[in-house]
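Visitor: show me the folded form of this:
(one chain, ligands or ions: 2)
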Amino acid sequence: MFANSVRVGLRAASRSSVRALSTQARASPAARYSAGALAAGAVTGFMLYNMAGNPLRLDGKAVPHGGAPGTENERSFIMIKPDGVSRQLVGQIIARFEARGYKLVGLKLVTPSKELAEKHYADLSSRPFFPGLVKYITEGTPVVAMVWEGKDVIKQGRAMLGATNPQQSAPGTIRGAHFVSVGRNGIHGSDGPESAANEIALWFKPEEISGNWKPANWDWVMADN
Ligand code: DAT
Ligand code: MG
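Guide: Ligands and ions are numbered 1, 2, ... in the order given. As a prediction, this is how the structure comes out:
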């Protein structure tokens with residue numbers, strides 16, 4: 001299925017792509033990944049291109065566990081929190097990511113332990129709301145842990161979620177449509193490439209990720225001409 005797409009070629013290097021290779025390339029995880037794993041690929045901005053000049057397609061098996069940021073194999077950890085599960089919003093939330101064209105590569109129901117919740121929210125451990133946050137996540141209602149893949153999924157996922165405080169979330173966002181309290185905002189999404197990689201590694205073993213498939217609409221959704 002991916003045979004054609006994994007042949008990596010050098011796109012005619014424009015001055016900007018050379019610049020990207022020499023400067024941004026060193027700075028971003030996307031480019032670090034691309035430089036290491038795909039030495040033959042040319043970087044334009046953060047995208048890699050195959051010989052046909054189309055954005056690079058990786059065989060699912062070749063995608064790093066934490067995703068390849070800046071490519072269409074970028075990954076984000078998205079979690080429906082206990083209130084979202086209890087309020088039976090799982091289907092509606094998954095439907096939004098599917099409708100956007102993102103690809104589901106990891107999915108499981110988890111009742112988080114205190115240790116897992118504390119690790120997941122470690123950067124917030126000094127905040128006054130931390131004990132309540134951990135209690136709410138670990139009370140016994142499960143969460144739906146997911147990994148979604150696709151172009152710009154980390155940033156777009158955050159935009160789809162809406163602001164942390166649902167009262168400041170736009171009405172069309174998931175939080176703006178379904179939640180009103182900051183302490184019960186229903187869903188989590190990775191906030192950058194580093195947290196995505198860390199969170200995916202925290203919640204999913206490599207064998208729990210099914211990346212080696214392609215949605216039927218993938219080419220329509222991901223093409224840039
Ligand atoms: P986000 O989930 O949008 O990335 P965050 O990482 O700052 O937001 O905080 C993690 C979660 O902690 C957030 O989804 C809800 C909770 N939280 C944040 N600020 C809070 C506050 N002031 N009171 C209660 N809970 C809060
Ligand atoms: Mg956060």
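Visitor: residue 135 is in contact with residue 183, correct?
Guide: No: between residue 183 and residue 135 there is no contact under CB atoms under 8 Å: 10.3 Å. Yep, even glycine has a C-beta here, placed from its N, CA and C like the rest.
Visitor: test my guess that residue 138 contacts residue 119.
Guide: No: counting by CB under 8 Å, residue 138 stays clear of residue 119, with 11.8 Å between them.
Visitor: helices along the protein, start to end?
Guide: Here the chain has its helices, by DSSP state H, at 15-22, 24-27, 29-37, 82-86, 90-100, 114-120, 130-138, 153-161, 174-178, 193-203, 218-222.
Visitor: contacting residues around residue 174?
Guide: Taking CB atoms under 8 Å, 6 or more residues apart in numbering, we find residue 174 in contact with 93, 96, 160-162, 186-187.
Visitor: OK, contacts around residue 139?
Guide: Counting by CB under 8 Å, 6+ apart, residue 139 makes contact with residue 82.
Visitor: for it, phi and psi?
Guide: Main-chain dihedrals, residue 139, degrees, to the nearest 10: phi -70, psi -20.
Visitor: what's the distance between it and residue 82?
Guide: Look at residue 139 and residue 82: by CB to CB, to the nearest Å, they are 7 Å apart.
Visitor: then residue 117?
Guide: Distance from residue 117 to residue 82, counting by CB to CB: 11 Å.
Visitor: same check, this time on residue 125
Guide: Residue 125 is 20 Å from residue 82, where distance means CB to CB.
Visitor: check residue 128 too.
Guide: According to CB to CB, residue 128 and residue 82 sit 21 Å apart.
Visitor: who's more crowded, those two?
Guide: Between residue 128 and residue 82, counted using other CB atoms under 10 Å, residue 82 has the larger neighbour count: 21 against 8.
Visitor: these two touch, right, the more buried one and residue 144?
Guide: No: when contacts are counted by CB under 8 Å, residue 82 is not listed as touching residue 144 (9.7 Å).
Visitor: got a pLDDT number for residue 140?
Guide: With respect to pLDDT, residue 140 scores 97.
Visitor: correct me, but it touches residue 110?
Guide: No: the criterion here is CB under 8 Å, and residue 140 misses it with residue 110 at 11.8 Å.
Visitor: these two - which one has more neighbours?
Guide: residue 110 (13 against 7).
Visitor: share the number of residues neighbouring residue 117, please.
Guide: Using other CB under 10 Å, the number of residues around residue 117 comes to 18.
Visitor: so what's it up against?
Guide: Contacts of residue 117 (CB under 8 Å, 6+ apart): 133-134, 137-138.
Visitor: show the buried residues in those.
Guide: Neighbour counting over the contacts of residue 117 (16 or more other CB atoms under 10 Å) leaves 133-134, 137-138 as the buried ones.
Visitor: so which of those are also by ligand 1?
Guide: Among the buried ones among the contacts of residue 117, the ones lying near ligand 1 by CB under 6 Å from any ligand atom are residue 133.
Visitor: coming back round to it: which one of the contacts of residue 117 is nearest residue 176?
Guide: residue 133 (20.5 Å; CB to CB).
Visitor: quick check: chain neighbours aside, which residue is closest to that closest one?
Guide: residue 121 (6.0 Å; CB to CB, 6 or more residues apart in numbering).
Visitor: and residue 209, by the same measure?
Guide: Of all residues not flanking residue 209 in the chain, residue 106 sits nearest, at 4.9 Å (CB to CB, 6+ apart).
Visitor: residues of this protein that sit close to ligand 1?
Guide: The chain comes close to ligand 1 at residues 124, 129, 133, 164, 182-183, 185, 188, 191, as judged by CB under 6 Å from any ligand atom.
Visitor: this completes my enquiry, with thanks.
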